[in-house]
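Participant: Quick check, what structure comes out for this input:
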Amino acid sequence: DNIVREAGTRNINVLFTIDWPTKWAQRTDISAADFGPNDPRTRLPKKEYVTDFQNFVKASVERYDGDGYQDISGLSKPIKYWSFDNEMEIEDPNEYAWWMKKFYETVKETDSNAKVVLGALLLDGNFLNSFLLSSNLEGSFYPYFDLLDMHYYPDVDGITNGDFSDLLSRGDNAQFFTST
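Facilitator: Just a heads-up that it's a prediction; the model follows:
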């Protein structure tokens, strides 16, 4: 809460990333500490916990949306950018698409003015292509994100911005930006 308040006093927009399910909700009993944070078995929750996930997302968005209902005290700049996961290329694109759709719907239900960010892809057009083609993203809000965030490492051979833009032309709502 203090970081969000301080960012507001400095007029900084916060990108809030929801990541890393608690151990009881992970798809395995293996902890991230045992196998590392990039082990796909520790990244996404079990589907049986979707309601818990949505409740957590809703409570988080509500806490920082600035609508005056259940907001933290002293909130001067609401959080309007929300992301789920980071560098998710190790995930199965269809599984991630299922969770991303749930995340998007919950964020937008809680704060219709919030922007959902497809969070911090590495230079992997194959993951993005498979994600965008997933049947789990079918619905009226395709592609179920508003902005695409890409981690750009200039010394790495890979996909260019143009390639991502071509992939994103399938959806009419998303925009593209890079971060490091």
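Participant: what's the longest helix in the protein?
Facilitator: Ranked by residue count and defined by DSSP state H, the top helix of the chain is helix 93-110.
Participant: So residue 50 lies in a helix, does it not?
Facilitator: Yes. The assignment for residue 50 (DSSP: H, G, I helix; E, B strand; the rest coil) places it in a helix.
Participant: My understanding was that it contacts residue 103; is that so?
Facilitator: No. Look at residue 50 against residue 103 with Cβ atoms under 8 Å: they stay out of range, at 10.3 Å. The way it works is simple: take the backbone N, C-alpha and C, and place the C-beta from them, glycine included.
Participant: of those two, who's got more company?
Facilitator: Per other Cβ atoms under 10 Å, whichever of residue 50 and residue 103 has more neighbours is residue 103, with 23 against 15.
Participant: Apart from its neighbours in sequence, what residue is nearest the more buried one?
Facilitator: Nearest non-adjacent residue to residue 103, counting by Cβ to Cβ, 6 or more residues apart in numbering: residue 84, 4.2 Å away.
Participant: would you list every one of the helices in the protein?
Facilitator: 2-9, 32-35, 50-64, 93-110, 125-133, 161-168.
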